[in-house]
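Engineer: my questions are about this predicted structure, shown below with the sequence.
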Amino acid sequence: MFSQETLSYIGIITLSLLAVFVLLLLFSMAAVYFIFRDKRLVGRIHSTFSHIVLDIMLFFLDLSYIPLKKIISVLGRNGNQIDIVLVEIRNMLLRNSFSNVPYKDRLVVVPQCLRNIDCKTTFNSVEGAQCLKCGKCKIIEIVEKAQELGYMGVYIAPGGGFVRRIIKKMKPKAVLGIGCAWEVNAGILEVASEGIPVQGVMLLRDGCVETDVDLEQVFEVMEYGK
Ligand code: SF4
């Protein structure tokens with residue numbers, strides 16, 4: 001069907017594409033390995049080479065996301081490593097624009113799993129839930145900090161689609177999201193694609209109930225631009 005010459009061209013192109021793919025994976029694996037070991041590396045890359053290098057890394061990591069996650073898991077490591085690294089890079093790239101937004105135009109979204117198991121608040125599909133300030137979990141401290149700073153509000157998210165709905169309703173100019181690494185990575189991507197500067201804080205301990213977050217880290221991000 002094909003001549004010998006055509007077949008050899010197809011072979012060369014296939015091998016070249018394969019080589020590019022393998023190089024891309026190796027580069028991405030190295031980036032994940034080094035940044036995961038030392039998160040401050042993202043800041044150093046940003047201050048030394050400007051955001052362009054981080055933009056390129058982000059592009060490669062997004063491109064190799066699925067195979068890389070599989071490879072990391074097959075190697076017996078936590079597949080979330082790539083999400084953690086992506087969040088660090090995205091946070092760094094969006095930090096300045098987030099910091100420039102006044103507190104009154106910022107919104108905080110916290111995951112419902114951060115609540116105490118005995119939380120009595122009720123959920124609304126559009127507005128999520130509001131903390132009743134019983135003091136049984138860390139959300140009350142995030143709410144009080146937000147009130148002290150004059151934030152637009154803190155919303156407890158019942159699920160994935162909630163962020164889209166609350167953004168449509170409240171129209172914030174910046175969003176701080178808290179969640180597990182995978183959720184935060186996907187959330188930053190979605191909110192940033194709407195042109196809204198966003199920052200993410202990853203949970204210290206994830207899971208379905210009574211998760212945990214580093215409040216100092218949350219407050220530090222909330223105060224960006226003070
Ligand atoms: S502090 Fe707020 S969110 Fe936490 S358990 Fe009490 S009412 Fe629920």
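Structural biologist: Right, received. Where do you want to start?

Engineer: got phi/psi on the residue nearest to the spatial centre of the chain?
Structural biologist: Geometric centre of the chain, nearest residue: Asn185, 2.7 Å, by Cα atoms, centre = their mean. The phi/psi pair for Asn185 (degrees, to the nearest 10) reads phi -60, psi -50.

Engineer: kindly report the same for Ile178.
Structural biologist: According to degrees, to the nearest 10, Ile178 has phi -120, psi 140.

Engineer: tell me who's in contact with it.
Structural biologist: 108-111, 114, 142, 184, 200-203, 213, 218 (Cβ atoms under 8 Å, 6 or more residues apart in numbering). Using the backbone N, CA and C atoms, a C-beta is placed for each residue, glycine as well.

Engineer: likewise Arg90?
Structural biologist: Applying Cβ under 8 Å, 6+ apart, the residues near Arg90 are Leu58, Asn185, Ile188, Leu189, Ala192, Val198, Gly200.

Engineer: is it correct that the last one falls within a strand?
Structural biologist: Yes: Gly200: assigned to a strand according to DSSP: H, G, I helix; E, B strand; the rest coil.

Engineer: tell me the pLDDT at it?
Structural biologist: The per-residue pLDDT reported for Gly200 equals 97.

Engineer: same question for the fourth one.
Structural biologist: At Leu189, the pLDDT value in this model is 92.

Engineer: what does the fifth one give?
Structural biologist: Reading off the confidence values, Ala192 has pLDDT 92.

Engineer: got it, and the second one?
Structural biologist: The model reports Asn185 with a pLDDT of 95.

Engineer: tell me which element the nearest residue to it once chain neighbours are set aside falls in.
Structural biologist: Distances taken as Cβ to Cβ, 6 or more residues apart in numbering put Asp83 closest to Asn185, at 4.4 Å, once the chain neighbours are dropped. Following DSSP states H and E, one finds Asp83 within helix 81-99.

Engineer: toward the C-terminus, what is the element adjacent to that helix?
Structural biologist: Next along from helix 81-99, by DSSP H and E: strand 106-111.

Engineer: tell me who's in contact with Ala31.
Structural biologist: Residues near Ala31 by Cβ under 8 Å, 6+ apart: Met57, Phe60, Leu61, Val85.

Engineer: can you check Cys119 too?
Structural biologist: Leu132, Cys134, Lys136, Cys137 are the contacts of Cys119 under Cβ under 8 Å, 6+ apart.

Engineer: how does it look with 10 Å?
Structural biologist: The contact partners of Cys119, by Cβ atoms under 10 Å, 6 or more residues apart in numbering, come to Gln112, Ala129, Cys131, Leu132, Cys134, Lys136, Cys137, Ile139, Ile156, Glu210.

Engineer: what does this structure put close to the ligand?
Structural biologist: 115-116, 119, 121, 131-137, 139-140 (Cβ under 6 Å from any ligand atom).

Engineer: narrow the residues you listed to those that are buried.
Structural biologist: Arg115, Cys119, Cys131, Cys137, Ile139, Ile140 (16 or more other Cβ atoms under 10 Å).

Engineer: strands - which of these land there?
Structural biologist: Members of these lying in strands (criterion: DSSP state E): none.

Engineer: looking at these, which is nearest Lys171?
Structural biologist: Cys131 (21.7 Å; Cβ to Cβ).

Engineer: gap between that closest one and Ile139?
Structural biologist: Distance from Cys131 to Ile139, counting by Cβ to Cβ, to the nearest Å: 5 Å.

Engineer: do Arg164 as well
Structural biologist: Counting by Cβ to Cβ - Arg164 and Ile139 are separated by 21 Å.
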